[in-house]
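Undergrad: I'd like to go over a predicted model; first the sequence, then the structure.
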Amino acid sequence: MVASVREVNSMLTARYDKFWNSIYSEICYDKNDITKFFLLFHICFRHSCRTKLIGSLNKKLTDEQKSFIRGTPFGWMVELKESVKISRNLLSPLISRWVERLGGFHMSTKVVGFTYLDVCLGLGLRVVGENINLNQEGLNSDSRNLFGASKVVDIEMVYDYILKHIKVLCLEDFGKLYLLLAISEFLLPNRSGIVFSILFNIVDDLGSIGKFNWGRVVYEFLVGSICEATLFLKEKQSTKHFHVVGCVYLLQVLYVKLISNLFD
């Protein structure tokens with residue numbers, strides 16, 4: 001048994017080394033742009049995709065609350081832990097290999113696509129339904145009214161409100177706020193932690209939350225940021241860091257697909 005475990009670890013290590021050696025050799029293959037490799041390590045790519053708040057909240061849920069959330073399209077979120085780690089080390093090499101016009105990552109001799117289907121398989125989100133416009137201003141919302149006259153609401157405010165009222169919130173109101181927090185922290189995170197206004201209106205009607213194309217909005221939000229990061233890298237900005245928004249966790253899921261294609 002020990003020998004087989006060692007063999008598996010050895011195989012994975014070899015694949016990992018080949019993956020990164022491939023990245024190094026391809027980036028440096030173009031002698032007219034050899035500085036790209038050094039730029040990758042000069043620029044720090046950051047992200048805000050976390051499970052800290054939702055993971056902490058999950059430890060405090062009653063069985064009834066968990067059952068209620070499991071009855072929504074996001075039922076798997078009750079399984080999220082605080083300790084989910086999302087590597088920043090993947091961002092630099094993947095961003096450098098993004099091919100916007102082909103919608104994928106250049107690996108070896110081919111481009112491996114990153115599509116809505118990857119979001120569907122990676123997160124279990126549907127890729128059909130009504131589109132969500134994150135720039136749309138929400139109308140009068142019961143969930144939004146809970147936070148008074150605040151100009152903006154961020155994930156910390158939602159988390160604090162839930163903790164303060166968790167014992168008195170009815171299941172439906174709890175469910176609205178829970179999904180608002182989970183979606184904003186993990187699926188559609190941004191640098192400031194602000195909750196998109198339109199999301200308040202969407203969670204207000206829990207019975208209709210499944211009719212939306214969540215896979216598409218999560219995909220487009222992340223890919224839009226990857227495209228901006230690629231442009232940032234090409235322009236060789238003097239700034240030392242770039243903040244990638246969106247569900248960066250998907251890139252870790254995609255890593256498995258890239259490794260598989262590298263060895264096909």
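TA: Yep, it's here.
Undergrad: Hmm, L163 is touching L57, no?
TA: Yes - using C-beta atoms under 8 Å, L163 makes contact with L57 at a distance of 7.5 Å. The C-beta positions use only the backbone N, C-alpha and C, and glycine is treated the same way.
Undergrad: More neighbours: the two, which one.
TA: L57 (24 against 13; other C-beta atoms under 10 Å).
Undergrad: thought that one was touching Y161?
TA: No - applying C-beta under 8 Å as the test, L57 and Y161 come out as separate, 11.3 Å apart.
Undergrad: all helices for this protein, in order.
TA: 2-27, 35-42, 52-58, 63-70, 91-96, 116-123, 142-145, 155-165, 171-182, 197-204, 214-234, 249-262 (DSSP state H).
Undergrad: helices and strands around the fifth one, which ones?
TA: With contacts defined as 3 or more C-beta pairs under 8 Å, 6 or more residues apart in numbering; DSSP states H and E, the secondary structure elements packing on helix 91-96 are helix 2-27, helix 35-42, strand 44-47, helix 214-234, helix 249-262.
Undergrad: Give me the sheet partners of the shortest one and which way each runs.
TA: The strands beside strand 44-47 in its sheet (DSSP bridges) come out as strand 241-244 (parallel).
Undergrad: Pull out the buried residues from the partner strand.
TA: 242, 244 (16 or more other C-beta atoms under 10 Å).
Undergrad: Show the average pLDDT along it.
TA: Strand 241-244 shows an average pLDDT of 84 in the prediction.
Undergrad: Contacts made by that strand with the rest, please.
TA: 43-48, 91, 95, 191, 222, 225-226, 228-229, 232-233 (C-beta atoms under 8 Å, 6 or more residues apart in numbering).
Undergrad: Could you do stretch 163-182 as well?
TA: By C-beta under 8 Å, 6+ apart, stretch 163-182 touches 53-54, 57, 60, 64-65, 68-69, 72, 74, 77, 80, 142-143, 146, 155, 158-159, 161-162, 195, 199-200, 203-204, 206, 209.
Undergrad: PyMOL command for the buried members of the residues you listed?
TA: Buried subset of those, written as a PyMOL selection, criterion 16+ other C-beta under 10 Å:
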select buried, resi 53+54+57+65+68+69+72+74+77+80+143+146+155+158+159+161+162+195+199+200+203+204+206+209
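Undergrad: where's the spatially closest residue to L121 that is not a sequence neighbour relative to D154, distance?
TA: What sits nearest to L121 in space, not counting adjacent residues and going by C-beta to C-beta, 6 or more residues apart in numbering, is V253, at 7.9 Å. Distance check for V253 against D154: by C-beta to C-beta, to the nearest Å, it reads 26 Å.
Undergrad: Among those two, which residue is more densely surrounded?
TA: When neighbours are counted by other C-beta under 10 Å, D154 comes out ahead of the other of V253 and D154, with 17 against 14.
Undergrad: got a list of what that one touches?
TA: Applying C-beta under 8 Å, 6+ apart, the residues near D154 are 192-195.
Undergrad: what does K52 give?
TA: Going by C-beta under 8 Å, 6+ apart, K52 touches 82, 185.
Undergrad: rerun that using 6 Å as the cut-off
TA: E82 (C-beta atoms under 6 Å, 6 or more residues apart in numbering).
Undergrad: CA atoms only for stretch 133-141 - export them in CSV, please.
TA: The C-alpha trace of stretch 133-141 is given here as CSV (Å, rounded to 0.1, in the frame of the first residue of the first chain):
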residue,chain,number,x,y,z
ASN,A,133,-27.1,42.1,-15.8
LEU,A,134,-24.9,42.9,-12.8
ASN,A,135,-24.8,46.6,-13.8
GLN,A,136,-28.6,46.9,-13.5
GLU,A,137,-29.8,48.9,-10.5
GLY,A,138,-32.2,47.0,-8.3
LEU,A,139,-35.6,48.4,-7.6
ASN,A,140,-37.2,48.5,-4.2
SER,A,141,-36.2,45.3,-2.4
